[in-house]
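1. no FASTA, just this:
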């Protein structure tokens, strides 16, 4: 059964931990992400401010919002909620399971733990660029499969933001060595 992303981002975020995500057959298990809702001052769509950069964030849940961070790294989000809501989850880390050689070649390193640990590394490993912005998640090149069994999800504060830092809207797979930064106990 496919994941319904046209719901509240805070319901969806923990459900995505343990899901499998592939781009052209390359990817793995989602082990870390951050939620950003339309009322969140740290979100790109806060205040319903639509720009050329964030326009995909206003699509209905089930699309991809890809943007450049610091003009260097691509970052990928899954849009959640209703059209015009501007809520999304930033995919921060995967446990690489499919297409390891392609990821290693794209990243120029062998260490599996570092291939997809962080949103910029993840996009580079999966070959995600601005060309993917706005595409639907339920069609190629994407494959998003719900987790097959329950997992233990941990929560903590988001990383690298200056607004709403107190919100525990970073989610991760408990005990995963593939997260970008360890969760505090």
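-> Alright, I've got the coordinates. Note that this is a predicted model, so its numbers are computed, not measured.
2. and residue 98, how many neighbours?
-> By other C-beta atoms under 10 Å, 19 other residues sit near residue 98. Heads up, the C-betas are built off the backbone N, CA and C, glycines and all.
3. Strands of this structure, residue ranges please.
-> Ranges of strands in the chain, per DSSP state E, are 20-23, 26-36, 64-69, 73-80, 87-98, 142-145, 153-156, 170-173.
4. Identify, among the helices and strands of this protein, the element with the weakest mean pLDDT.
-> Lowest by mean pLDDT, DSSP states H and E among the helices and strands of the chain is strand 64-69, with a mean of 92.
5. Summarise which helices and strands that strand is packed against.
-> Packing partners of strand 64-69 (3 or more C-beta pairs under 8 Å, 6 or more residues apart in numbering; DSSP states H and E): strand 73-80, helix 119-126.
6. ok, residue 6 - contacts?
-> Contact partners of residue 6, counting by C-beta atoms under 8 Å, 6 or more residues apart in numbering, are 60-62, 80-82.
7. Show me the two of those that sit farthest apart.
-> Across these, the longest distance by C-beta to C-beta is 10.9 Å; it joins 62 and 82.
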